[in-house]
Each structure stands twice: as C-alpha cells, then as structure tokens.
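1. Need the 3D shape of this:
(2 chains)
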Amino acid sequence: MEPLSETQVIQNLRQTEDPSAQYYAAWWLGKMRSQHPDAIPLLLRALEALDATPIDPEQRGVALNAIRALGLLRDMRAEQPLLALLHSNDYTVREEVVRTLGAMGSCGAVEGIRALLASGLEGAGAEQPSSPLLNEPCEALLEALGDIGDGSSSNLAVIHPFTEHPRPLIRSAACRALLQLTGLDQWGMELKKLLNHPEPLVRRGALLDLGATGWLAAVPSIRTAAVEPSLKLVALREVAERNVDPNDVLDAMDGLL
Amino acid sequence: MTNTALDQALQTLERATSTPELVKATQALCALNDLEAAKPLVKVLGFNNPAVAAVATQGLIQLGRDTIPILLVSLDARNYGARAWVVKVIAALRDPRGLDLLEHALEADIAPSVRRSATRGLADLELSEDAAHDQLVRCFEGLLKAVRDDEWVVRYAAAYGLEQRLNSAAVSAHLAEQGRAALNQLASDAEGVRVVQLRALKALQRLNAG
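-> Okay, the predicted model is just below:
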C-alpha cells in the first residue's frame, strides 16, 4: 500500500463520511508531528463531538485520538479547549486531556488538576464500584503535575498522600512528581525500591517514571533492573535528554544495545 | 559430561509447565555447558516466554561460537520471537558467520529491538581474515541503512556502530567519508531525536580527537 501523503491525511480528517479514516488521520498527524496549517484547527474541530448528547461512539474515538495528537504537537492554541474538557464526565477523556496538558506544560491546567486530586485517597484515589478504575485518572494527574513543574506548596500537599496509595503504580507516579518538583533524593530512593517489585508491570512503570525525572543517580539501577533492554533504553534516553552532561548515560545506553 | 545428565535435564524441561519451573529447568540445561544442549535451548527461545528466553540466550552465549552453525540451521522463520533472541545471541558472539543473518534481520525485521541488535552486531562483528575487506564493506552498508531507520533506537545503534567501525585502520577513504557524512547527518538538526544527536556528536568528537 502507498503511504498516505499529508494532504490526503488532512483531507481524510476534514471529511465526515468515514470515521475510521478520520480516526487514523488524527493519529497520523500526531505521530508525524505534522506542521500543516490545517492540522490544529481540524484536530480541535474533532473535539466538538464531545459536546454532543448523546456522544457518537465513533466520533468519541476520533476525538480521543485528536487529544493524543495534540499532546504530541504541543500547540498552545489547544490549551483553552482542552482545559474545558478537564470537567468532562468521561473518565477516559479526562485522562487523555490531562496527559496532553501535562505534555504541553500547561500552567493553566495546574488548578484544575489539583482540584481533581484534592479529595485524596478516599475520593479521587478510591476504586470505582465493580471496576478496576479509580474515581479519577490519578496516575495521569500526578504525572502531569510533575511534568508541568510548578512546585508550589499547595501542589506538593495534594500529591503527598498518594505516596501511600495501595497501588504501587500510583505510588510510583506520586514519587516521580515529587522528585521532579522538589529534586529531593528521598523520592528517587522510593522509586528505586519499586524497581525491585515482584510484578514486572510495576518494575516497568517505576523504570519509566525514573527516566522521566532525569535523575542521574538512577542510571546504575536502571541499567541492572530486571526489565527488557528496550524499555531501559527508553528510560535512559529520557535521562540523557534532561541533563547537560549525559556522557555516563550514553555509555550505559551503549552497553544495552 | 554424561548423557544421563543431559537426558535428565531435558526430561525436567519437558515436564515443566509454570514459568518458575521452566526457568529452573532452562538454568539446569545451561549449567551443563554442553553443546548438545544448544538445540533444545534454541527450542526454548520459541516458547514465547521472555523470562525463560533470557536465560536460554545467556546459556547459548556462554556456549560460545561452536553454537553458531547450530543457530543458523535451527532458525525458525515462522517464529518471530525466537528469531529476535537468535539475532541477539549471534550479535553477542560477534562471529562473522552470522553476517548474512544480521544483514537480513536489519533489512526485514519488523521489531525495532531486533534491528537494534542486528545493528549492534554489525558494529562489533569480528571479520574473517580471508574476507575482511568484503565483510567490512557489508557491515558499513548495513550501518548506513540503519542511519535511515524510522526508529530512533536503531539510528542510535547506527551512531554507536559507525564510531566503532571508523576507528579501524582498515577502513578505506571512501567508506570513511560516507561514515562521517552519516554521523554528521545524525548530529545535525535534520535528526529529530535529541539523544541520537548527542550520541553522534560524541562519536564525532572522539573520532576527531583520536
């Protein structure tokens, strides 16, 4: 099959007859970091489907892909429409919106994110009845606060209780955010402990969280963790790109190729 | 080494069902350090169980280059997971008899981790005395292909590999020029991934200093 041209992809997102072509087009624009002048306006138009009642399930899928693409394109024109969606009653929409706002480093999102977490372990962090989901997408919320980088005491206070959450991946996200915001080694040590967790999924999560903090002291533990080399390379890439002198990190990466 | 020990280990492996049992049985098979264990270890690579495959991979690497002919003939074209592990073993053993396989893996494999291992193999492969020039050219050509790969980690491995190969005195002026041009490209803003740029810059700095 011929690869699609950018013009064709834009056209596929613009048309409304074939939602699966729109779905793929929204994904493509993000993946390829499209700079096409119509990309952002069309992705934002796709979000409007979330205001309809009832929401068309196919258009919801297109909108979710559009939100993810906006996280990769990081265009601030998307900030206001995304902030409005923080209050969506759709858990997955909130989760993806928070991830995108975090990736954009949106300072405007801090207050809204804090509000979603404020009810703590008994509220936001409690499990929904008969569902594996928590009441709020806590992992995404905590990670976004860390990525946005506002270390105000009110942010730290709202994150702190989640370091005691019963789920290790939530604890990992909280420690990651606190390490990013305070630079205190104690949170890095907590993450290193999670690297030895018996569950592979937890080890992988903690590894990527350590990478995202750019904490140089993590390099030896990342190198030796019981996790696939591919994932270690992803985590070490993050560390390397966040440091002025990444020489030792590059050496560690060479050894894992 | 008595055959009874091997037979016993194989029987234990046969009976193992859970991951911990399989890991233990594979470890026992590796501990024999017996070339006869190579074939069953390759079979273990096809179980689609990463924990067990990692143990078998280490065991095969430990058996050394005598396993290369066995690896080359027992390669299961249909089992893509097993192929990935075999590429890793061949890259680690650095045996020139693996060159065809590494070239093919880099060209055709859909998994970035396999293309990454193959690139690493092309960087570090030892060259046979009688065909060193021809093999070096092929390694270079593979690395230059890896420079154009869609996945950053393969391009990163290419930067690493070009540095290794450009360090060798045997490189012709023509190849050296191509290799440097490729590193310059990876170090420039045409490369979208920062860590690949950083690695290529590091390679150029060391090559220029040396």
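2. which residues touch the most centrally placed residue in chain B?
-> With distances taken as Cα atoms, centre = their mean, residue B:91 lies nearest the centre of chain B, 2.6 Å away. For residue B:91, the contact set (Cβ atoms under 8 Å, 6 or more residues apart in numbering or on different chains) comprises B:98, B:102, B:117, B:118, B:120, B:121, B:124, B:125. Any C-beta I mention is one placed from the backbone N, CA and C, and that applies to glycine too.
3. nearest spatial neighbour of it, skipping sequence neighbours?
-> In space, residue B:91 comes closest to residue B:121 once its chain neighbours are excluded; the distance is 3.1 Å by Cβ to Cβ, 6 or more residues apart in numbering or on different chains.
4. list the contacts for the one you found?
-> B:87, B:90, B:91, B:94, B:98, B:102.
5. Tell me which two of those sit farthest apart.
-> B:87 and B:94 (12.8 Å; Cβ to Cβ).
6. The two - which one has more neighbours?
-> More crowded of residue B:87 and residue B:94, by other Cβ atoms under 10 Å in any protein chain shown: residue B:87, with 28 against 15.
7. ok, the more buried one to residue A:135 distance?
-> 46 Å (Cβ to Cβ, to the nearest Å).
8. Okay, the residue nearest to the centre of chain B and residue A:91: tell me how far apart.
-> 44 Å.
9. Now do the buried residues in the least confident helix or strand in chain B by mean pLDDT.
-> Every helix and strand of chain B was ranked by mean pLDDT, DSSP states H and E. The lowest is helix B:80-93, at a mean of 86. Residues of helix B:80-93 classed as buried: B:81-93 (neighbour count, 16 or more other Cβ atoms under 10 Å in any protein chain shown).
10. now swap in stretch A:141-160 and tell me
-> Buried residues in stretch A:141-160 (16+ other Cβ under 10 Å): A:141-148, A:150-151, A:155, A:158-159.
11. ok, now stretch A:100-118?
-> A:100-104, A:106, A:109-110, A:112-114, A:116-117.
12. of those, closest to residue B:181?
-> When these are compared against residue B:181 (criterion: Cβ to Cβ), the nearest one is residue A:103, at 34.3 Å.
13. was I right about residue A:92 contacting residue A:64?
-> Yes: because the distance of 6.6 Å satisfies Cβ atoms under 8 Å, residue A:92 is recorded as touching residue A:64.
14. what ranges of the chain fall below the confidence cut-off?
-> No chain was given, so I picked chain A. A:1-2 (pLDDT under 70).
15. Chain B was what I was after
-> B:1-2, B:76-77.
16. what residues does it put near chain A?
-> By Cβ under 8 Å from any Cβ of the partner chain, the residues of chain B that approach chain A are B:50, B:112-113, B:116-117, B:119-120, B:152-153, B:156-157, B:160, B:192-195, B:198-199, B:202.
17. so residue 102 is in which element?
-> By default, I'm working from chain A. helix A:91-104 (DSSP states H and E).
18. right idea, wrong chain: chain B
-> Going by DSSP H and E, residue B:102 is in helix B:99-108.
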